[in-house]
Structures are given as C-alpha cells and as structure tokens.
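# sharing a model prediction with you, sequence too.
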Amino acid sequence: MRTGTTGLRSKDLLGIEPLSAQEIELILDTAEGFKEVSERPIKKVPALRGQLVINLFMEASTRTRVSFEIAEKRLSADTLNFSASGSAVEKGETLIDTAENLMAMRPDMIVIRHKHPGSPKILADRLSASVINAGDGAHEHPTQALLDAFTIRERLGRLSGVNVSIVGDIAHSRVVRSNIHLLTKMGANVTLAGPPTLMPAEIEKMGVRVVHSLDEALEGAEVVMMLRIQLERQGKLSLPSLREYYNTFGLTPERLRRAREGALVMHPGPMNRGVEIASDVADGPWSLILDQVTNGVAVRMAVLYLLAGGHLTES
Amino acid sequence: MDVKKRLLDGARMRRAIQRMAIEIVEKNRGTQELIIIGIRSRGVPIAERICRLIEQTEGTAVPMGILDITLYRDDLTTIAPQPVVKPTKFPEPIDDKVVVLVDDVLYTGRTVRAALDALIDFGRPKAVQLAVLIDRGHRELPVHADVVGKVIPTDRQEVIKVKLEETDGEDEVLLMENSERES
C-alpha cells in the first residue's frame, strides 16, 4: 500500500525554489493539524521524542529562533542552541569544522541561520542530519514564506489568483525571494514596489510585476506585505532619509484605502514603526502581523515533522 | 489486494453498530457523564452514528469528539506512510467524564495505546472505555475492547477493510488477502 504516499523528497529544507507545488501544499495542510496542538492545555506531542535538533544561529534572530525552539519543544525534540558569539566561531573555527564537530554529537536535525547565502547547502551536502534553512543572507528564508502563505490561505481560503503586493527593500530581502518562489508556484499574482536603488535589476524574470510607487502597488491588492529597510545589510544608505522613505513608501491608513476593500497587511518583522509602516496600520484590524507569528510555530512544527519522516498516505 | 470474503453487508453492519450503541448505554446505566470520541479516520463516522442512535433511543444528546493520534504513533521513524495530521476536537473538557473511544478495527492495540496517551494530554477522564466494530485478534499490547460489534478471527497477512457510507459510499466489511506481502 505504498502507492499514493507523499512526503518531502529531500532530507533538507534549503529553500522554496526546489519545492514542488504539491510539497508546499503538503506542508501547509500538515501545519493546519499542528495549529491545534498549540491551543491544547498540554501543548506537546511526542512525535519527535528522542530526536536532537541543533539551532545554529550565526546571525542575530529573535522571532525565528524562538519560533523554531517552541516548535521543537512542542514536538518533544531535545533542543540545543548555538550562536556565533561566545563560541569557537569567535576563535576562528570554520563553519564546516563547527558543523562536523556538532555532527559528532549525533543530532537529527540542524536549523541554521547564516549571513552567507548557501551556507545551509554546504552543511546539507556534508552532513547526514536534516538541515533547515532559517535564513541565509539575502538568498532564502523558506519557513517565513511558508508561514506567510499559511496565513493568507487561512484568511482567504486560497493562494491561487490572490493579488499580493510586496513593498520595500526588495534587494536585501530573503523573505521576498522565498515568497516570490512560493506565491508564483501556487498561482498568486505578485507585484513588487520599492525605491529603484533597492530593486534588483531584472527581477521581473522571476515572474513578478514591478511598479515604482506605493499607490500603484496598492491598486487591487488583496494582501500587502511590508518590508523593513535592512540598514545592517547596506554599506551606505540607498535612500536620502528614512523620513523621506516614510513619505514615499510608508503604509498609512489613508494610503491603504487604495487597496482592495478588506485588504490584509502583513510584515515579517521586526518592523520599524514610522519608517515602512504607520502604527495605526500595524495595530489595525487589517493587520495579520501577530497571526503570522502564531502560525510560524505551526508551520515550523510541520516542517520538522515531515523532515523527520512523517510521510503521508492518502486515504 | 484481493477480496476474500464479505464479512458484513450493510444491514448486518448497521445492526452491529445499533447493538454497540445500546451496550454503551447499558454498561454505563444511562448517558450521564458520557462523551463519545471517534479515532480518525474511520472511528469518526462510527462514533457519529452511535451518538445519533443513542439520542434516538434515550432522547438525550451525547457530546462527541474527534481524536487524531498520528503524532502519538510509535512508528514515525520507521518510514511507514503516515496519515495527514489533522486537528483533534473535543466539544468540552474530558475531565471526570466517561470517555468511550470508538474505532473501526482493533488489531495490535497500538492505535489504542497512542489514543490513550493522547487522551491523557487533554485531561483526566473518570474512565476510558473502548468500542470497536471489528475485533480481529493478534494483540501486541495488553488492550481489550469493552464493546465489540463483531469478533472475526483472522490471519496476520489478511486485511480487514471497513467501508462506510460517509467515507466510501457504502456500508460493508471485507476480508482481503494481501497478495504482494508488504515487507
């Protein structure tokens, strides 16, 4: 009875790009089942009992690291947190040496965040453990795109045909890249907007529409994703000033009226109030920002579970 | 897989479920404190039917819940196919209630072990009982059913297929022979 069995083809989750639409749907469907676990009085299931997950965060992160850790704990996995500061990395150890030393302790999965794109792939190719990319430079952040998609699907009931506009610092955002891959695979219409200095050349080739004003981006949008200006990734600021950025691309309640009625506002966090988003929008009834955080745990549980061997049957 | 025998037709199956409903009420001297919980997936429609039958004969509605035991299974890492994880839903807390777990087939007892573990995470029932449509033997754990629709002795390589109108379009129980022999 192995026919009809579906699961993830790879032992790793390195990005959305290698996933098929069917695999994405499987993760989202599985996450629905996991959402309920977080609402129980005892928020824990024994599915990953005895498995060791190492969270290797070589770049600052609060939300993602905490979210992964909660997901791991709710699945009863043993977790170990490892960050660059205060470790051998500061003493000059290479990523591969660090990973091989960790591997000698027999983890089952490694969740990695790193400032260099491709770091998770380097580990995945060398290690027998499952590797989950929790953000690598400006490359991909697959679990963020999955939780964004889960949140949209939960509200609108579909992804196909949904008009999603993503506004802000496109050039430095791994969240955008993962979201473009995911949304286009699932049949959504993606529009990007941002200052020309923060818009990569030829990004249209990824199957998206590019506009240069916020108002154009909001026209007909059902979902608006606002992005932070990633000051830490820029040599010098590609903008005249943050005040001017707010006046041009900041999302205010007045400007949001241009979007389709009932349009939803999302932000992957951390947000800079008064730069890309007004507080009245971030805290308004259309905001899904905190739903995204809640759903992040369910989606990460689904990913961990499926990579651990939770293959599925269609019954 | 080949069909070897039709064990129960629709009418006999419905009578078996009817008798299960009566036995549950009789055993518990009424319906107070009762909560019927179906184990996904085929335990759910059977539990629904039992609730409906109890309501018809007793005139009182019995709360019904759904339990998904996927995350409590003991074979996640054996690369066996797993069903899609779906939510567990209880209409009310199970503390101090008499929980009747309902499933289609009782075989090794491992599903029931998982269900008991899952149940305990939701509260502390006064008692837990087990009602199954078919008991086919070959227990691997010390588990027994309190209410049984029909006992059917089987060989291990045989498979019992319970079909329900709600999920399969018709009511019947088939005995199948696994010809390819799963490893």
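Yep, that arrived. Numbers count the residues shown, from 1 in each chain, chains lettered A, B, ... in the order given.
# what part of chain B, helix or strand, is modelled with the least confidence?
Within chain B, no helix or strand scores below strand B:82-83, which has a mean of 66 by mean pLDDT, DSSP states H and E.
# tell me which helix or strand comes right after it.
Under the assignment DSSP states H and E, the closest C-terminal helix or strand after strand B:82-83 is strand B:98-106.
# stretch A:244-260: end-to-end distance?
End-to-end span of stretch A:244-260 (CA to CA, to the nearest Å): 26 Å.
# list the buried residues of it.
A:245-246, A:249-251, A:255-256, A:258-259 (16 or more other CB atoms under 10 Å in any protein chain shown). (Each C-beta comes from the backbone N, C-alpha and C, glycine too.)
# just those residues now: which is nearest chain B?
For those, the minimum distance to chain B (CB to the nearest CB) is 31.9 Å, reached by A:Ala259.
# for whichever residue of the stretch 1-150 of chain A sits closest to chain B, what are its contacts?
Residue of the stretch 1-150 of chain A nearest chain B, by CB to the nearest CB: A:Gly33 (3.2 Å). Taking CB atoms under 8 Å, 6 or more residues apart in numbering or on different chains, we find A:Gly33 in contact with A:302, B:68, B:70, B:84-87.
# and what of A:Ser128?
Here A:Ser128 is in contact with A:Met103 (CB under 8 Å, 6+ apart).
# that one belongs to a helix?
No. Assigned with DSSP: H, G, I helix; E, B strand; the rest coil, A:Ser128 falls outside any helix and is coil.
# what stretches of chain A score poorly on pLDDT?
Judged by pLDDT under 70, chain A has its weakly predicted residues at A:1-6, A:86, A:234-237, A:310-315.
# kindly list the longest helix within it.
helix A:289-307 (DSSP state H).
# could you do chain B as well?
helix B:10-27.
# CA-only coordinates of that helix in PDB, if you can.
Extracted as PDB, the C-alpha positions of helix B:10-27 are listed here (Å, rounded to 0.1, in the frame of the first residue of the first chain):
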ATOM      1  CA  GLY B  10     -24.800  -3.000   5.100                       C
ATOM      2  CA  ALA B  11     -27.800  -4.300   7.100                       C
ATOM      3  CA  ARG B  12     -25.700  -6.500   9.400                       C
ATOM      4  CA  MET B  13     -23.200  -3.800   9.900                       C
ATOM      5  CA  ARG B  14     -25.900  -1.200  10.900                       C
ATOM      6  CA  ARG B  15     -27.400  -3.800  13.300                       C
ATOM      7  CA  ALA B  16     -24.000  -4.300  14.900                       C
ATOM      8  CA  ILE B  17     -23.500  -0.600  15.400                       C
ATOM      9  CA  GLN B  18     -27.000  -0.300  16.800                       C
ATOM     10  CA  ARG B  19     -26.200  -3.000  19.300                       C
ATOM     11  CA  MET B  20     -22.900  -1.200  20.200                       C
ATOM     12  CA  ALA B  21     -24.900   1.900  21.000                       C
ATOM     13  CA  ILE B  22     -27.300   0.000  23.200                       C
ATOM     14  CA  GLU B  23     -24.400  -1.800  25.000                       C
ATOM     15  CA  ILE B  24     -22.700   1.500  25.700                       C
ATOM     16  CA  VAL B  25     -25.800   3.000  27.400                       C
ATOM     17  CA  GLU B  26     -26.500  -0.200  29.300                       C
ATOM     18  CA  LYS B  27     -22.900  -0.600  30.500                       C
END
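# quick one: average confidence on it?
Per-residue pLDDT over helix B:10-27 has a mean of 97.
# now for that helix, which elements pack on it?
helix B:43-58, strand B:127-135, strand B:147-151, strand B:172-177 (3 or more CB pairs under 8 Å, 6 or more residues apart in numbering or on different chains; DSSP states H and E).
# let's see which of the buried residues of stretch A:244-260 end up in helices.
In helices, defined here by DSSP H, the members of the buried residues of stretch A:244-260 are A:245-246, A:249, A:255-256.
# low-confidence stretches in chain B?
Using pLDDT under 70, chain B drops low at B:76-83, B:179-183.
# closest residue of it to chain A?
Closest point on chain B to chain A, by CB to the nearest CB, is B:Val85, at 3.2 Å.
# list the beta-bridge partners for residue 163.
Reading this off chain A. When assigned by DSSP bridges, A:Asn163 has beta-bridge partners A:Asn189.
# that answer is for a different chain, and I need it for chain B
B:Glu172.
# surely it meets B:Ile134?
No. B:Lys163 is beyond contact range of B:Ile134, at 11.9 Å (criterion: CB atoms under 8 Å).
# these two: who's more crowded?
For B:Lys163 versus B:Ile134, neighbours defined as other CB atoms under 10 Å in any protein chain shown are more numerous around B:Ile134 (24 against 18).
# what about the nearest residue in space to the more buried one that is not next to it in sequence, distance to B:Pro125?
Excluding the flanking residues, the one nearest B:Ile134 by CB to CB, 6 or more residues apart in numbering or on different chains is B:Val105, at 4.7 Å. According to CB to CB, to the nearest Å, B:Val105 and B:Pro125 sit 23 Å apart.
# next: A:Val89.
51 Å.
# ok, now A:Gly274?
A:Gly274 is 53 Å from B:Pro125, by CB to CB.
# quick check: phi and psi on the residue nearest to the spatial centre of chain A?
By CA atoms, centre = their mean, chain A has its centre lying nearest to A:Gln144, at 1.2 Å. Note on A:Gln144: backbone dihedrals following degrees, to the nearest 10 are phi -70, psi -50.
# show me what contacts it?
Contacts here follow CB under 8 Å, 6+ apart; on that basis A:Gln144 touches A:64, A:135, A:174-175, A:178-179, A:268, A:296.
# how far away is it from A:Gly161?
In terms of CB to CB, A:Gln144 sits 22 Å off from A:Gly161.
# in CSV, list the ones in helices among the buried residues of stretch A:244-260 along with distance to A:Ala60.
Formatted as CSV, these follow (distance: CB to CB, whole Å):
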residue, distance to A:Ala60
A:Tyr245, 22
A:Tyr246, 24
A:Phe249, 25
A:Arg255, 31
A:Leu256, 30
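# farthest-apart pair in those, please.
Greatest spacing in those, by CB to CB: A:Tyr245 and A:Leu256 (17.0 Å).
# re earlier: higher neighbour count, A:Val89 and B:Pro125?
Between A:Val89 and B:Pro125, B:Pro125 has the larger neighbour count (other CB under 10 Å), namely 22 against 17.
# name the nearest residue to the more buried one, ignoring sequence neighbours.
Nearest non-adjacent residue to B:Pro125 (CB to CB, 6+ apart): B:Val99, at 4.4 Å.
# which residues pair with the one you found across the strands?
With DSSP bridges as the rule, B:Val99 is bridged to B:Ile35, B:Val128.
# was I right about it contacting B:Leu119?
Yes. Applying CB under 8 Å as the test, B:Val99 and B:Leu119 come out as touching, 6.4 Å apart.
# okay, and the common contacts of these two?
Joint contacts of B:Val99 and B:Leu119 (CB under 8 Å, 6+ apart) are B:37, B:125, B:128.
# the first one belongs to a helix, doesn't it?
Meaning B:Ile37. No. Using three-state DSSP, the secondary structure at B:Ile37 is strand, not a helix.
# what's the neighbour count on it?
Per other CB under 10 Å, the neighbour tally for B:Ile37 reads 29.
# same question, the last one
Residues near B:Val128, counting by other CB under 10 Å, number 18.
# tell me the contacts of the residue nearest in space to the middle of chain B?
Centre of chain B computed as the mean C-alpha position; nearest residue by CA atoms, centre = their mean is B:Asp103, 0.5 Å away. By CB under 8 Å, 6+ apart, the contact list for B:Asp103 reads B:38-39, B:42-43, B:46, B:111-112, B:115, B:130-133.
# so it bridges to which residues?
Counting by DSSP bridges, the residues bridging with B:Asp103 are B:Val132.
# done for today, thanks.
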